[in-house]
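# make a model of this:
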Amino acid sequence: MVCDCPDEAAGSPVASWKEEPGEASAPEGSLGSVSADEGALRRAQEISRRAVRAGFEWESLDDVWSQVDEEIAELKEAYAAASHDADGRVVGLAHDADERVVGLTGEEAGEASAARLAREAELEMGDVLFSLVNVARRMGLDAEAALAATCDKFCRRWAYMEDAARTRGVALESLSVEEQNKLWSEAKKLE
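Residues are numbered from 1 along each chain as shown. The predicted structure follows:
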């Protein structure tokens with residue numbers, strides 16, 4: 001593992017790490033053994049728990065909410081800096097792209113810069129999500145269970161919308177957004 005930062009920041013706890021060929025994706029230590037096999041949400045919960053066990057914790061829930069607000073502001077800033085398509089989706093994201101733009105010229109540098117900005121927006125989204133996992137942990141809630149329940153609830157409502165549209169003799173996709181929202185509201189009332 002090599003620190004991808006200036007020499008003076010190498011000892012900093014915010015130093016970023018780059019994987020060397022054949023090495024694990026996390027630095028050694030108490031968090032290096034957290035498995036990514038169960039998915040990012042469970043991994044975030046375990047990382048957060050271990051950090052708290054080591055004393056790395058906010059003083060209050062309000063402090064965690066302030067962190068969420070800060071991360072959302074940083075996400076909005078990163079999103080604004082990134083390139084977007086006509087639908088507002090970030091473009092240029094390539095997970096295997098070399099983020100360094102030094103030595104590149106013209107179009108190559110532009111593409112590398114777009115990839116770097118897109119990656120920054122993605123990382124900021126991750127920071128928002130990680131902060132929300134900390135809110136859940138601080139509240140005594142399981143973020144995985146909460147998200148799973150919400151996914152199930154969404155699917156139930158969606159199934160109701162599809163059935164209601166089919167009963168009316170139309171495809172859900174052919175309805176306007178307003179008509180779909182009415183069906184969504186009907187589904188919500190049934191729960």
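# what mean pLDDT does the longest helix seen in the chain get?
Of all the segments assigned as helix in the chain under DSSP state H, the longest by residue count is helix 106-139. For helix 106-139, the mean pLDDT works out to 89.
# show me what it packs onto, helices and strands only.
In terms of contacts (3 or more CB pairs under 8 Å, 6 or more residues apart in numbering; DSSP states H and E), helix 106-139 is packed against helix 40-53, helix 61-81, helix 143-167. For every residue, glycine as well, the C-beta is placed using N, CA and C.
# and these as TSV, adding mean pLDDT?
Shown next, in TSV, are the helices and strands packed on helix 106-139 (pLDDT from 0 to 100):
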stretch	mean pLDDT
helix 40-53	92
helix 61-81	97
helix 143-167	97
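# possible to save the ones you listed as JSON lines with mean neighbour count and distance to Gly32?
Listed next are those as JSON lines, based on neighbours: other CB atoms under 10 Å; distance: least, CB to CB, whole Å:
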{"stretch": "helix 40-53", "mean neighbour count": "16", "distance to Gly32": "10"}
{"stretch": "helix 61-81", "mean neighbour count": "15", "distance to Gly32": "24"}
{"stretch": "helix 143-167", "mean neighbour count": "14", "distance to Gly32": "21"}
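# and of these, who's closest to Ser33?
The minimum distance between Ser33 and the helices and strands packed on helix 106-139 falls on helix 40-53, with 9.2 Å, by CB to CB.
# what's the angle between that closest one and helix 106-139?
Helix 40-53 and helix 106-139 are oriented at 60 degrees to each other (axes from the mean of the first three to the mean of the last three CA atoms, to 10 degrees).
# need the contact partners of helix 40-53.
Applying CB atoms under 8 Å, 6 or more residues apart in numbering, the contact partners of helix 40-53 are 30-31, 34-36, 57, 129-130, 133-134, 136-137, 142-144, 147.
# most surrounded residue in these?
Using other CB atoms under 10 Å as the neighbour test, the contacts of helix 40-53 are led by Val133, with 27 neighbours.
# what sits closest to that residue if chain neighbours are left out?
In this structure, Val133 finds its nearest non-sequential neighbour in Ala44, 4.3 Å apart by CB to CB, 6 or more residues apart in numbering.
# if we can go back for a sec, in the longest helix of the chain, what's buried?
112, 114-122, 124-125, 127-138 (16 or more other CB atoms under 10 Å).
# same thing with stretch 165-174?
Across stretch 165-174, burial judged by 16+ other CB under 10 Å covers Ala165, Leu172.
# who's in contact with that stretch?
Contact with stretch 165-174 is made by Met161, Glu162, Leu175, Gln180, Leu183, as judged by CB under 8 Å, 6+ apart.
# how far off centre is the longest helix of the chain?
Its chain's C-alpha centre and that of helix 106-139 lie 7 Å apart, by CA atoms, centre = their mean, to the nearest Å.
# would you map out the domains in the protein?
The chain resolves into domains spanning 57-141, 144-191 when parsed by automatic domain parsing.
# export these as JSON lines, with columns for distance to Ser48.
JSON lines is the format used below for the domains of the chain (distance: least, CB to CB, whole Å):
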{"stretch": "domain 57-141", "distance to Ser48": "5"}
{"stretch": "domain 144-191", "distance to Ser48": "12"}
